[in-house]
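>>> Sequence and predicted structure are below.
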Amino acid sequence: MKSYAVNGSVDHARKVFDEMSERDLVSWNSMISCYSQAGLHHEALNVYSLMRRENVGLDGFTLVGLLSACAHLGTLNTGVAMHELAREKGFMGSVYVGNALIDMYAKCGDLDGALCVFERMRKRDAFTWNSMIVGYGIHGRGDEAIYFFEKMMMAGMQPNSITFLGLLCGCSHQGLVEKGVDYFHMMSSRFNIKPGIKHYGCLVDLFGRAGKLRKALHVIRTSCSQDDPVLWRTLLSSCKIHKNVEIGEVALKNLIRLGSSNAGDYVLLAVIYFRAKDADGVSRMRKLIKNQGVRTTPGWSWIEVGDQIHIFVVDDKSHPDTEEIYQKLEVVVQQAAMHVYVQEESLIRALEFTSIDTECSGTSGSCHSEKLAIAFGLARTPEGTCLQIVKNLRVCRECHSFTKFVSQAFNREIIVRDRVWFHHFKGGLCSCKDYW
């Protein structure tokens, strides 16, 4: 099983597992680990369901594997159930279980839960501190990330490259440009850590979000990773925020040069042209998309209610409660409208890019997957319950606006984890301050 798992042959590993006449706990843990390493986190949790049916016990390794699956999926309710199990079985003294719990809570949007676990841990290692720093960083809470970094230093722990990723991410999203630059240089000057591609990506994002696009461009051109498409795509996203046509064109040209351009890149530059009222630029992007036949991955959103995950795509009619969901959505839109919500005309619709909207499949007249997930969550959870949504793509502008007004109209906190960012909606506002 282990050799198959290392080679990525998950089906073969499962075949060996199923054909075993006797299975011990190591066998079950290996199967969970195999699925997790392959990114098949639903399947990892399904193995645990089978364990329970066969009355198989568990240990700390089982819990760590399952908590990792919950973290990747964003299934907070299931993660909380694992936390209770860890308490019942006496595994809370394990630093590995504690670290996995912190990581799970942070990636599921519950930083208070992560902090509670952290404060109760008797032993902490570098991973413990990194989990808190990265957790605050990915939620855009740079000041808290810095606070935990300083406490980590006082505790005598040595930071590593992961520590600085969390710091740079937090500084970028909170606009702490000077501090972010200081930490980037501190990596090599004080701790002899060589910045990797992700660190350069954070630095480009740091300058880009702050509107310092020429500095971001300089970072790419002077880095050892200037041929990495991630850096150019990060710059292109910043150009969209600040409506910079000139540098946006430079970014796309380099993506094309590297053979790494995709539908999302063309749409981003098309939106920049559209906002700059450059009809010729819009026309060029439309032709490129049409001639090259570029397509993107369809968008989906899921929400966990109880111990069940409900997944939706644009204009989804496959859910058994479809009629109820659409009726609820109609009521939600009406109530949101009372709080000055007006459905936006999608830029992509105006550009006739309806088949390739990278942020949210469909037009503004469609029922986007996020809206369906929110409507279902409002219908199936008690008033005041926080809704947790996970998306595979970035939140589109229309859904972002919609979710802000829903949070105000229904007095709900709504946490949306998209492809790159956590959005905390509350009282009609979003933690990203409308820059994402």
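Arrived safely.

>>> What distance separates the opening and closing residues of stretch 11-30?
This stretch, stretch 11-30, spans 13 Å end to end (Cα to Cα, to the nearest Å).

>>> so where's the stretch 1-150 of the chain shaky on pLDDT?
The model of the stretch 1-150 of the chain has pLDDT under 70 over residues 1-2, 4-6.

>>> Check the stretch 251-400 of the chain too.
293-296, 339-366.

>>> Show me the strands in it, by range?
300-305, 308-313, 387-391 (DSSP state E, counting those that start in this stretch).

>>> so can I have JSON lines of those strands showing mean neighbour count and distance to residue 144?
Yep, even glycine has a C-beta here, placed from its N, CA and C like the rest. JSON lines is the format used below for the strands of the stretch 251-400 of the chain (neighbours: other Cβ atoms under 10 Å; distance: least, Cβ to Cβ, whole Å):
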{"stretch": "strand 300-305", "mean neighbour count": "22", "distance to residue 144": "25"}
{"stretch": "strand 308-313", "mean neighbour count": "18", "distance to residue 144": "29"}
{"stretch": "strand 387-391", "mean neighbour count": "24", "distance to residue 144": "20"}
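
>>> May I see the buried residues of the helix or strand encompassing residue 217?
Assigned by DSSP states H and E, residue 217 belongs to helix 213-222. By neighbour count on 16 or more other Cβ atoms under 10 Å, the buried set for helix 213-222 is 213, 215, 216, 217, 219, 220.

>>> Do I have it right that residue 414 meets residue 386?
Yes. Assessed by Cβ atoms under 8 Å, residue 414 is found in contact with residue 386 at 7.2 Å.

>>> coming back round to it: what would the strands of the stretch 251-400 of the chain look like in a markdown table with distance to residue 131?
Converted to a markdown table, the strands of the stretch 251-400 of the chain look like this (distance: least, Cβ to Cβ, whole Å):
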| stretch | distance to residue 131 |
| --- | --- |
| strand 300-305 | 21 |
| strand 308-313 | 24 |
| strand 387-391 | 19 |
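
>>> right, so of the ones you listed, which gets closest to residue 175?
strand 387-391 (23.9 Å; Cβ to Cβ).

>>> Show me the strands paired with that closest one, marking each as parallel or antiparallel.
strand 300-305 (antiparallel), strand 414-417 (parallel) (DSSP bridges).

>>> Keeping just the C-alphas, turn the last one into CSV.
As requested, the backbone C-alpha atoms of strand 414-417 are provided in CSV (Å, rounded to 0.1, in the frame of the first residue of the first chain):
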residue,chain,number,x,y,z
ILE,A,414,-20.8,34.5,6.3
ILE,A,415,-17.3,33.2,5.7
VAL,A,416,-16.3,32.4,2.1
ARG,A,417,-13.1,30.6,1.4
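
>>> ranges for the helices of the stretch 151-300 of the chain?
Assigned by DSSP state H, counting those that start in this stretch, the helices in the stretch 151-300 of the chain fall at 161-174, 177-191, 197-209, 213-222, 229-242, 245-257, 263-275, 279-292.

>>> Please identify the most buried of those.
helix 161-174 (a mean of 25; mean count of other Cβ atoms under 10 Å).

>>> Off-centre distance for that helix?
15 Å (Cα atoms, centre = their mean, to the nearest Å).

>>> next one: stretch 397-406
Per Cα atoms, centre = their mean, the displacement of stretch 397-406 from the mean C-alpha position of its chain is 18 Å.

>>> what's the answer for stretch 411-422, then?
9 Å.

>>> Give the buried residues for that stretch.
Buried-residue list, stretch 411-422, by 16+ other Cβ under 10 Å: 412, 414, 415, 416, 417, 418, 421, 422.

>>> For residue 297, state which of those is nearest.
Closest to residue 297, out of all of the buried residues of stretch 411-422 and judged by Cβ to Cβ, is residue 418, at 13.1 Å.

>>> So that closest one sits against residue 400, correct?
No. Look at residue 418 against residue 400 with Cβ under 8 Å: they stay out of range, at 9.5 Å.

>>> which residues do these two both contact?
residue 436 (Cβ atoms under 8 Å, 6 or more residues apart in numbering).

>>> quick revisit: which of the strands paired with strand 387-391 sits closest to residue 256?
strand 300-305 (28.3 Å).

>>> CA-only coordinates of the closest one, as CSV, when you get a sec.
Output of strand 300-305 as CSV, limited to C-alpha atoms (Å, rounded to 0.1, in the frame of the first residue of the first chain):
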residue,chain,number,x,y,z
TRP,A,300,-18.7,25.3,-7.7
SER,A,301,-19.5,26.1,-4.1
TRP,A,302,-20.2,23.9,-1.2
ILE,A,303,-21.6,24.3,2.3
GLU,A,304,-21.6,21.9,5.2
VAL,A,305,-24.9,21.6,7.1
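
>>> Run the angle between that strand and strand 308-313 for me.
Compare the direction of strand 300-305 with that of strand 308-313 by axes from the mean of the first three to the mean of the last three Cα atoms, to 10 degrees and you get 160 degrees.

>>> And the closest residue to residue 288 other than its chain neighbours, how close does it get to residue 285?
Closest residue in space to residue 288, ignoring its immediate chain neighbours: residue 266 at 5.6 Å, by Cβ to Cβ, 6 or more residues apart in numbering. Relative to residue 285, residue 266 is positioned 5 Å away (Cβ to Cβ, to the nearest Å).

>>> Mutual contacts of these two, please.
Common neighbours of residue 266 and residue 285 (Cβ under 8 Å, 6+ apart) do not exist.

>>> hmm, back to that, will you turn the strands paired with strand 387-391 into TSV that also has distance to residue 188?
Output for the strands paired with strand 387-391, formatted as TSV (distance: least, Cβ to Cβ, whole Å):
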stretch	distance to residue 188
strand 300-305	40
strand 414-417	32
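
>>> which stretch among these comes nearest residue 58?
strand 300-305 (21.3 Å).

>>> and for the closest one, what are the contacting residues?
74-78, 309-313, 368-370, 372-374, 376-377, 380-381, 387-392.

>>> do that again at 7 Å, thanks
75-77, 309-313, 369-370, 373, 376-377, 380-381, 387-392 (Cβ atoms under 7 Å, 6 or more residues apart in numbering).

>>> ditto for stretch 227-236
197, 200-201, 204-205, 208, 216-217, 220, 225, 247-248, 251-252, 254-255, 258, 260, 265, 268-269.

>>> ok now it, how far from the chain's centre?
18 Å.

>>> What of stretch 274-290?
29 Å.

>>> who wins for proximity to residue 107 among the strands paired with strand 387-391?
That would be, of the strands paired with strand 387-391 and by Cβ to Cβ, strand 414-417, which comes in at 7.6 Å.

>>> Any chance of JSON lines for the helices of the stretch 151-300 of the chain, columns distance to residue 321?
Output for these, formatted as JSON lines (distance: least, Cβ to Cβ, whole Å):
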{"stretch": "helix 161-174", "distance to residue 321": "36"}
{"stretch": "helix 177-191", "distance to residue 321": "45"}
{"stretch": "helix 197-209", "distance to residue 321": "40"}
{"stretch": "helix 213-222", "distance to residue 321": "46"}
{"stretch": "helix 229-242", "distance to residue 321": "36"}
{"stretch": "helix 245-257", "distance to residue 321": "42"}
{"stretch": "helix 263-275", "distance to residue 321": "32"}
{"stretch": "helix 279-292", "distance to residue 321": "36"}
